[in-house]
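Asker: output the structure for:
(2 chains, ligands or ions: 2)
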Number of protein chains: 2
Amino acid sequence: MSEKIQFVERQQLKEKPDPKDLGFGEHFTDYMLSFQYDADKGWHDLKIVPYGSIEISPAAQALHYGQAVFEGLKAYKHDGEVDLFRPSQNFKRINNSLERLEMPKVDEELLLEGLKQLVDVERDWVPEGDGQSLYIRPFVFATEGVLGVRPAKSYQMLIILSPSGNYYGGESLTPTKIYVEDEYVRAVRGGVGFAKVAGNYAASLKSQTNAAEEGYDQVLWLDGVERKYIEEVGSMNIFFVENGKIVTPELNGSILPGITRKTVIELAQKLGYEVETRHVSIDELFEAYDKGELTEVFGTGTAAVISPVGKLKYEDREIVINNNETGEITQKLYDNYVGIQSGKLDDPEGWRVVVPRYE
Amino acid sequence: MSEKIQFVERQQLKEKPDPKDLGFGEHFTDYMLSFQYDADKGWHDLKIVPYGSIEISPAAQALHYGQAVFEGLKAYKHDGEVDLFRPSQNFKRINNSLERLEMPKVDEELLLEGLKQLVDVERDWVPEGDGQSLYIRPFVFATEGVLGVRPAKSYQMLIILSPSGNYYGGESLTPTKIYVEDEYVRAVRGGVGFAKVAGNYAASLKSQTNAAEEGYDQVLWLDGVERKYIEEVGSMNIFFVENGKIVTPELNGSILPGITRKTVIELAQKLGYEVETRHVSIDELFEAYDKGELTEVFGTGTAAVISPVGKLKYEDREIVINNNETGEITQKLYDNYVGIQSGKLDDPEGWRVVVPRYE
Ligand SMILES: Cc1ncc(COP(=O)(O)O)c(C=O)c1O
Ligand SMILES: Cc1ncc(COP(=O)(O)O)c(C=O)c1O
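Answerer: Residues are numbered from 1 along each chain as shown, chains lettered A, B, ... in the order given. Ligands and ions are numbered 1, 2, ... in the order given. Below is the predicted model of the structure:
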């Protein structure tokens, strides 16, 4: 087992929130993992420290020029143990994001080890209720305090932990209403859509607010060039069941390569479904619907896991999918996915990574 | 005159940097302007406070979801007085940026007044040397500490001040070498290119680094859809002199509406030049060059003011503009622009705004 990293103990532990009232991303645990970078020393000073405010320069480049990337993954508790779900995938992806923004890459193994030690310390914070988990947020941002548009020379990485309930509130598997955005664009090929960078989310808010005002839960983005190919939802990738086949847009540089997407594809194939990853135009989708061939739509993402789509609005038309009910394939994928995550089903691929008990 | 805003005095003033060695955006003055927003109170607590680190939540939304916008303008000292250059334009533009990212707008008049009081306090920091100025950086970022992709409920605005020399170092009017980017894209219609938001700059760094490795100073962006229309440079708008006419790309939603651009257009017209704002394709530009009709190229921006372009590389071809020397029209615009800014020429349009002496 790896060496124990430095641990700075806090004076007093926080009171834990009522597990019936967790919300999402609102409560944070007692500790966080901290890691520093500067051009001279590289990445250094990995340690577990009390969760709390950070001090930064008002000229910190992240606040001005947006060098900031993040990840999101979850830990689940079952049978007295805590598991991380495919954590290596997240550290791999954060390195792709870091690279796109000219930020220094991190040692994936070292961080996974640091995360395990952090979660071990915080195992009492991992909630056990249905649909609950410990949401894990690694992020890196530029701290150098000089105003110049160039890669910064110093960075901070933190991993913070938030015990959380269902992402969309309420019950899992409540079908959502989705608005197909035809005015605003999230990302374009040649840009940063494939990376999990802060700026992508700020750019999406206006559209999200407009959709909410019209009574929709989420936005479905179209490609920025032709404005006809389907990309993804706010924080989910999107899947369609057409003629019994599972179809999802292929990764093209402007879509985030979701880890849930990847896992669902693998899972669906193992369950015997045919999965196609390819261009899907919004027109194709509506045509398939008119022919009765579009039977299910669902989104996938760490926060929401698998989320059925009940209604889809594009321009003047709203279609109702599968009678606004969770479809059979969506349900089956959900049961299998959540079954593996929560330890109720076997995990032949080793997606669950047990957090060891240190010392 | 407006009321004096709250002033929190610092114990000890800093030592001022050597005026021969200012750099750009590296040194900051003794004070900054601070303004707070929360959903209950709206914008409140405008005050001048000592420049120094700020404390934020590690979950502050700006670091995760990129709600962060900024501005840049300059103050000049001459004849014992300090002027701001067209500051109202910047507060107007920051409101456009804020709106695009679903952030709360600010009271433009109030902030201009606050800025004047801040600069009055700091007038000893305004450098007087050739090409020197006090660079002013207003910015707003989301501070709410909740992880959810939605507009934050609390924000901080700061204005920090940096005594600065020439942006590109060295002498003004040294022709720059520009690389036309044909792989990466900065912005696309429907996105946030017209707004001065943090994420746009992070997205541009990779291209900038690649260009620097090939020996170029700056990148010229093409449109994200057809990849053939010229947009702008890293932190400048771009102008061409074709057949004696001044041509610049029209504002299309993905280009930042530069205040220097606007001012140069107005100035050029007053000087009797014809100015066209329209689509300019990169092919047109190279054709004009081959016919001998492209005689000057220059960039415009607050930081660099007016900057001649000596070389332009696109795909396999590099063209040398006007023998890599500053052209006549560029020089004339520069002399007039800087003449007005520095108080050496009359200012019939009232672009200079004198900072009053309070109390
Ligand atoms: C834009 C976007 N698309 C898709 C996803 C889904 O990715 P993952 O399954 O890795 O959580 C996310 C969220 O995490 C996202 O932010
Ligand atoms: C992307 C971009 N384009 C153009 C400009 C020029 O704008 P302005 O003249 O207002 O400084 C800037 C800089 O400020 C910029 O960041």
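Asker: quick check: the gap between the closest residue to residue A:51 other than its chain neighbours and residue A:157.
Answerer: Nearest non-adjacent residue to residue A:51, counting by Cβ to Cβ, 6 or more residues apart in numbering or on different chains: residue A:32, 4.7 Å away. C-beta here means a position set from N, CA and C on the backbone, and glycine is covered the same way. With distances taken as Cβ to Cβ, to the nearest Å, residue A:32 is found 10 Å from residue A:157.
Asker: also residue A:117?
Answerer: Distance from residue A:117 to residue A:157, by Cβ to Cβ: 15 Å.
Asker: now residue A:76
Answerer: Here the criterion is Cβ to Cβ. By it, residue A:76 lies 24 Å from residue A:157.
Asker: how far away is the residue sitting furthest away from the middle of chain A from ligand 2?
Answerer: Most distant from the centre of chain A: residue A:291, at 33.6 Å, with distances by Cα atoms, centre = their mean. Distance, residue A:291 to ligand 2, using Cβ to the nearest ligand atom, to the nearest Å: 47 Å.
Asker: what's near enough to touch the closest residue to residue A:22 other than its chain neighbours?
Answerer: Nearest non-adjacent residue to residue A:22, counting by Cβ to Cβ, 6+ apart: residue A:165, 4.2 Å away. Counting by Cβ atoms under 8 Å, 6 or more residues apart in numbering or on different chains, residue A:165 makes contact with A:22-24, A:127, A:129, A:131-132.
Asker: and of the residues you listed, the nearest to chain B?
Answerer: residue A:24 (6.2 Å; Cβ to the nearest Cβ).
Asker: what pLDDT is listed against residue A:167?
Answerer: Per-residue pLDDT puts residue A:167 at 71.
Asker: cool, and the one 4 residues further on?
Answerer: Residue A:171 carries a pLDDT score of 68 in this model.
Asker: state whether the residue nearest to residue A:51 is indeed within a strand.
Answerer: Yes. Counting by DSSP: H, G, I helix; E, B strand; the rest coil, residue A:32 is part of a strand.
Asker: pLDDT score assigned to it?
Answerer: For residue A:32, the predicted pLDDT is 98.
Asker: now for it: which residues touch it?
Answerer: By Cβ under 8 Å, 6+ apart, the neighbours of residue A:32 are A:48-51, A:118, A:158-161, B:58.
Asker: in helices only, show me the residues you listed.
Answerer: Filtering these for membership in helices, criterion DSSP state H, returns residue A:118.
Asker: drop anything exposed from the contacts of residue A:32.
Answerer: A:48-49, A:51, A:118, A:158-161, B:58 (16 or more other Cβ atoms under 10 Å in any protein chain shown).
Asker: let's see which of the residues you listed end up in strands.
Answerer: For those, the ones inside strands are A:48-49, A:158-161, with DSSP state E as the criterion.
Asker: now these in CSV, with distance to residue A:16?
Answerer: Shown next, in CSV, are those (distance: Cβ to Cβ, whole Å):
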residue, distance to residue A:16
A:48, 18
A:49, 19
A:158, 21
A:159, 19
A:160, 16
A:161, 12
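Asker: which stretches of the stretch 151-300 of chain A form strands?
Answerer: Along the stretch 151-300 of chain A, the stretches classed as strands by DSSP state E, counting those that start in this stretch are A:154-164, A:176-180, A:218-222, A:230-233, A:237-242, A:245-248, A:275-277, A:294-301.
Asker: repeat that for the stretch 1-150 of chain A.
Answerer: Counting by DSSP E, counting those that start in this stretch, the strands of the stretch 1-150 of chain A are A:6-7, A:31-38, A:42-50, A:54-56, A:68-70, A:73-78, A:81-85, A:133-142.
Asker: closest one to ligand 1 among these?
Answerer: Closest to ligand 1 of the strands of the stretch 1-150 of chain A is strand A:73-78 (Cβ to the nearest ligand atom; 7.7 Å).
Asker: the closest one and ligand 1 in contact?
Answerer: No. Using Cβ under 6 Å from any ligand atom, we find that strand A:73-78 stays clear of ligand 1, coming within 7.7 Å at best.
Asker: any idea how far residue A:29 is from the residue nearest to residue A:22?
Answerer: Per Cβ to Cβ, residue A:165 is found 15 Å from residue A:29.
Asker: just to revisit the earlier point, export the strands of the stretch 151-300 of chain A to CSV and tack on distance to ligand 2 and mean pLDDT?
Answerer: Below are the strands of the stretch 151-300 of chain A laid out as CSV (distance: least, Cβ to the nearest ligand atom, whole Å; pLDDT from 0 to 100):
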stretch, distance to ligand 2, mean pLDDT
strand A:154-164, 22, 98
strand A:176-180, 30, 97
strand A:218-222, 23, 97
strand A:230-233, 25, 97
strand A:237-242, 31, 98
strand A:245-248, 35, 98
strand A:275-277, 35, 98
strand A:294-301, 32, 98
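Asker: mind putting the ones you listed into CSV with distance to residue A:343?
Answerer: Listed next are the strands of the stretch 151-300 of chain A as CSV, based on distance: least, Cβ to Cβ, whole Å:
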stretch, distance to residue A:343
strand A:154-164, 18
strand A:176-180, 27
strand A:218-222, 29
strand A:230-233, 28
strand A:237-242, 25
strand A:245-248, 25
strand A:275-277, 25
strand A:294-301, 20
